[in-house]
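K.L.:
Sequence first, predicted coordinates after that:
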Amino acid sequence: MDLGTLIGIGGAWLLIIISVVLGGSPGAFINGPSILIVIGGGFAASLAAFPLKDFITGVKAIGKVFKPTLPDPLELIDFLVDATKKARKEGILALEADIDSFYEKDKILGNLMRMLIDGQSIEEIESNFENAIAQEDQKLDTEVKVWDSLGELFPALGMIGTLIGLIQMLQNLSDPAALGPGMAVAMITTLYGAVLANVLCIPVSKKLKYYKDLLLLYKESYIITIKSIEKGVNPNSLQQQLSALFGVEVTG
């Protein structure tokens, strides 16, 4: 669980709710038409910008913000260095016995190790890795873009709701009873759009982007390891290289 995300987003929402309650009229901030315009309209308009499957996957990616699926860098370094030690001591073909563990760690790593064991050239392995990373980057980037889109559309729909509310209010200037609901839609839709964009969508988008870059950095270690095994590099040198790549300190 990412406590920073939980505390940050949860704390921001809590402070807003407390401010509303302290104002003495929380019910005034609940408006059905405004919810339909901002939330319903925002999701509908954003859906139009993506294939349905990608949009659903992007929305679900919010789970990664609170519970990221990232490997532990120290464990990953140990895993890759151990594979290098075994290959240097027993030969590359000895890694065949561990192929399942490579696939369990990451499908990309498993494919690279399979190619190495099968004797394919380092150029072919690098080309395969670059293609796999490009696909992974596109997938993760789409998740970020879904939340970027929502962050742009919620305030825009809020402004549309404001215009709708103002038009309704101006059409009923002769009826004082209709002025209140029209003004409520006009003001609350802007509030909803601003809150959803700045307290949810933008933080989620930025955190997904952060995790995307970090995950791709971890995957970069796979091709570094493959090259080290192919060249017979000292495992200690690989350990130092990966430690510098991840910005962590390995002891022992």
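P.N.:
Looks like it arrived, so ask away.

K.L.:
now the closest residue to M115 other than its chain neighbours: how far from I223?
P.N.:
By the measure of C-beta to C-beta, 6 or more residues apart in numbering, the closest residue to M115 outside its immediate chain neighbours is I125, 4.9 Å from it. Every residue, glycine included, has its C-beta placed from N, CA and C. Taking C-beta to C-beta, to the nearest Å as the criterion, I125 is separated from I223 by 7 Å.

K.L.:
what touches both of these two?
P.N.:
L112 (C-beta atoms under 8 Å, 6 or more residues apart in numbering).

K.L.:
Show me the strands in the stretch 51-200 of the chain, by range?
P.N.:
According to DSSP state E, counting those that start in this stretch, the stretch 51-200 of the chain carries no segments that qualify as strands.

K.L.:
Burial check on D106, number of neighbours?
P.N.:
As a burial measure, D106 scores 18 neighbours (other C-beta atoms under 10 Å).

K.L.:
Please list all residues in contact with it.
P.N.:
Remark: with contacts taken as C-beta under 8 Å, 6+ apart, D106 is in contact with K219, Y222.

K.L.:
okay, it: pLDDT?
P.N.:
Note for D106: predicted pLDDT of 93.

K.L.:
swap in the one 5 residues further on?
P.N.:
According to the model's per-residue confidence, N111 sits at a pLDDT of 95.

K.L.:
mind checking how far it is from A132?
P.N.:
Counting by C-beta to C-beta, the gap from N111 to A132 is 7 Å.

K.L.:
and what of K231?
P.N.:
Noted for K231: a distance of 21 Å to A132, by C-beta to C-beta.

K.L.:
Quick check: I117 touching A94?
P.N.:
No - counting by C-beta atoms under 8 Å, I117 sits too far from A94 to count as a contact (9.2 Å).
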